[in-house]
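Participant: here is a sequence with its predicted model. Questions after.
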Amino acid sequence: MRAVITVIGKDNVGILHKVSGVCSERGVNVIEVTQSVLQDMFAMIMLVDITGMTSDFSELVDDMTSLGEKLGLSIHTMHEDIFNSMHNV
Amino acid sequence: MLNVYNILETIRMIQDECLDIRTITMGISLLDCIDTDIDKACEKVYNKIVSKAGNLVAVGQRIEKEYGIPIVNKRISVTPIAMLAAACPNDNPVKFAKALQKAADTCGVNFIGGYSALVHKGFSAGDEALIRSIPEALDVTQNICSSVNIGSTKSGINMDAVKLMGEIVKETAERTADRDCIGAAKLVVFCNAVEDNPFMAGAFHGVGEPDCEIHVGVSGPGVVRAALSKYPDASINELADIIKKTAFKITRMGQLVGARASELLGVPFGIVDLSLAPTPAVGDSVAHILEEMGLEMCGTHGTTACLAMLNDAVKKGGVMASSTVGGLSGAFIPVSEDAGMIDAAVAGVLSLEKLEAMTAVCSVGLDMIVVPGETSPETISAIIADEAAIGMVNTKTTAVRLIPAVGKKEGEILEFGGLLGSGPVMPVKDKSPAKFINRGGRIPAPMHSLKN
């Protein structure tokens, strides 16, 4: 099972470090990261494997949301099924 | 394969364009709760609903987290209560409404629908008593919705029921006059009611349905409008194509959520209702889609044609996205719940007559329309009869949800707040249809009902 974490907001020092830190605390493995910085806007999409997750998925969502609030970024954590079902026939 | 563009598109739809799952609705049969002792029946009703739907809200919240999509309402629909009331003819059916309210409170759901009667061909035991108890039931409860089916293509229109419903709508508004006539906003009169509708106020669980199932109603007028706004110079058939593709994506989301809810709750998946359901929020309006197509304001000439195209394209896109489409499926046009419709009605561009024409080509009917408080019951009945005739002849569901604004006149505003929004009092004709309504009887079914 995989999930997608998206981070959008003003660029800052250590965003990738902090987001992946939360992942490792919860036993979530980062598979792929794509990121871009346009002027000072930061956009990152992270594909993660949640099969070996040590907690409930909703706790990961809560952690990421509160991290986003702390850093002033918008962080969404969503199960990959939503993207697969919306965009593939 | 996931790609960045698709991921960002989904997030934009949810964040900026008000995409949400409007409701997950659990349909529960109460046929096994029928008892000649009304107190026993009420206890069975409460126990069955709580045992089936006790987890509904928690599961809904879990899915919201999992997929990051808001599920605005968690609701329940039940077997038309008139069928249970039939077994206890000497008791007040309002007891059932109270039992439903208690179950709604325990489960934490937004609404329970099904304080209903199906009388399209005539009244059977329990029907008339239930209908007459609707004003009281909607007065003493908060989260119960009521509906009455007074006509169908197959059986014609029960004009005795039409007459009665004019009185009931008015009485319901009067009894809740101190709460902005809210009772009338929870009461809908149908022709060709569907048995698996997840949307309120008209949801009930038909007798042909399984014991328990889960339905999903999707939404997303904002997403469709945003998609159209990217193509200002496209032809109408190109617009239809864009709407189809967008409806497909929205519906897939509904299908996914329904399947997941069904799995977590351990009940069969019923249907996805492919509706565009507006809310008063900015950017969540069906009227604004029509305006995006090129109308200066919703309600002007051309509105019916735009709406017909929209309604059809939504169905064509959605039907491929879900294996089990049902319910009402189409574009809703509830006036007070749609920011664009409210503006058009206030400006006097959107009239009752235009809305009636629009209901011939879209989902449902005259919905959430505020009329003057002094409107006579016969006039309300006649509006119901007109709307039912459109449904009967066109073999489609039509409905009437009028709110007579007690003490208010044309041009004043009735405020409900929340999802129900606010609506200007719209004028009705002052010539009386009383003689026609008081004749009673039944309008025979149209020729094309004879299909066998």
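Facilitator: In hand now; what should we look at? Only a predicted model underlies this, so the values are computations on that prediction, with no experimental measurement involved.
Participant: where does the stretch 351-452 of chain B have low pLDDT?
Facilitator: Across the stretch 351-452 of chain B, nothing is flagged by pLDDT under 70.
Participant: helix, strand or coil for the residue of it found nearest chain A?
Facilitator: When distances are taken as C-beta to the nearest C-beta, the stretch 351-452 of chain B approaches chain A most closely through residue B:363, which lies 22.6 Å from it. Every residue, glycine included, has its C-beta placed from N, CA and C. Assigned by DSSP: H, G, I helix; E, B strand; the rest coil, the conformation of residue B:363 is coil.
Participant: verify the stated contact: it with residue B:273.
Facilitator: No - with contact defined as C-beta atoms under 8 Å, residue B:363 does not count as touching residue B:273 (9.0 Å).
Participant: for these two, list the residues in contact with both.
Facilitator: Common neighbours of residue B:363 and residue B:273, counting by C-beta atoms under 8 Å, 6 or more residues apart in numbering or on different chains, are B:328-329.
Participant: looking at those two, which is more packed in?
Facilitator: Set side by side, residue B:363 and residue B:273 show more neighbours around residue B:273, with 32 against 28, by other C-beta atoms under 10 Å in any protein chain shown.
Participant: check contacts around residue 28.
Facilitator: No chain specified, so I'll use chain A. A:3, A:22, A:48-50, A:52-53, A:60.
Participant: not quite, I wanted chain B
Facilitator: Residues in contact with residue B:28 (C-beta under 8 Å, 6+ apart) are B:48-49, B:52-53, B:76-79, B:205, B:211-212.
Participant: restricted to strands, list those residues.
Facilitator: Residues of the contacts of residue B:28 located in strands (DSSP state E): B:76-78, B:212.
Participant: which of those residues lies closest to residue B:62?
Facilitator: residue B:76 (17.8 Å; C-beta to C-beta).
Participant: wait, that closest one sits on residue B:26?
Facilitator: Yes - assessed by C-beta under 8 Å, residue B:76 is found in contact with residue B:26 at 5.2 Å.
Participant: got any residues that touch both of these two?
Facilitator: The contact sets of residue B:76 and residue B:26 overlap at B:53, B:56 (C-beta under 8 Å, 6+ apart).
Participant: of these two, who's got more company?
Facilitator: The neighbour count for residue B:76 versus residue B:26, taken as other C-beta under 10 Å, is higher for residue B:26 (29 against 25).
Participant: report the mean confidence score over the helix or strand hosting the more buried one.
Facilitator: Take DSSP states H and E as the rule and residue B:26 turns out to sit in strand B:21-28. Per-residue pLDDT values across strand B:21-28 average out to 95.
Participant: and that strand, which residues are buried?
Facilitator: Neighbour counts using 16 or more other C-beta atoms under 10 Å in any protein chain shown place B:21-28 of strand B:21-28 among the buried residues.
Participant: likewise for stretch B:5-14?
Facilitator: Taking 16+ other C-beta under 10 Å as the criterion, stretch B:5-14 shows B:6-7, B:9-11, B:13-14 as buried.
Participant: ok, the residues you listed vs chain A, which is closest?
Facilitator: When those are compared against chain A (criterion: C-beta to the nearest C-beta), the nearest one is residue B:6, at 4.2 Å.
Participant: quick check on the closest one: phi, psi?
Facilitator: Residue B:6 has phi and psi values of phi -70, psi -40 when expressed as degrees, to the nearest 10.
Participant: and it, what does it touch?
Facilitator: If you count contacts by C-beta under 8 Å, 6+ apart, residue B:6 has them with A:83, A:86-87.
Participant: torsion angles phi and psi at the closest residue to residue B:422 other than its chain neighbours?
Facilitator: Closest residue to residue B:422 apart from its sequence neighbours, by C-beta to C-beta, 6 or more residues apart in numbering or on different chains: residue B:415 at 4.3 Å. In this entry, residue B:415 is assigned phi and psi values of phi -100, psi 120 (degrees, to the nearest 10).
Participant: pretty sure residue B:415 contacts residue B:424?
Facilitator: No - in this structure, residue B:415 sits apart from residue B:424 without contact. The criterion is C-beta under 8 Å, and the distance is 10.6 Å.
Participant: okay, those two: which has more neighbours?
Facilitator: Legend: neighbour count by other C-beta under 10 Å for residue B:415 and residue B:424, higher for residue B:424 (24 against 10).
Participant: could you pull up the residues touching that one?
Facilitator: In this structure, residue B:424 makes contact with B:342, B:345-346, B:370, B:411-414, judged by C-beta under 8 Å, 6+ apart.
Participant: check those against chain A, which are close?
Facilitator: Of the residues in those, proximity to chain A by C-beta under 8 Å from any C-beta of the partner chain holds for none.
Participant: which of those residues count as buried?
Facilitator: In terms of neighbour count (16+ other C-beta under 10 Å), the buried residues within the contacts of residue B:424 are B:342, B:345, B:370, B:414.
Participant: tell me the SS of the third one?
Facilitator: Secondary structure state of residue B:370, per three-state DSSP, is strand.
Participant: can you give me every residue that contacts the closest residue in space to it that isn't next to it in sequence?
Facilitator: With C-beta to C-beta, 6+ apart as the criterion, residue B:370 has its nearest non-adjacent residue at 4.0 Å, and that residue is residue B:423. By C-beta under 8 Å, 6+ apart, residue B:423 lies in contact with B:335-336, B:342, B:345, B:368-370, B:403, B:413-414, B:416.
Participant: do you know how far residue B:423 is from residue B:73?
Facilitator: Using C-beta to C-beta, to the nearest Å, one obtains 20 Å as the distance from residue B:423 to residue B:73.
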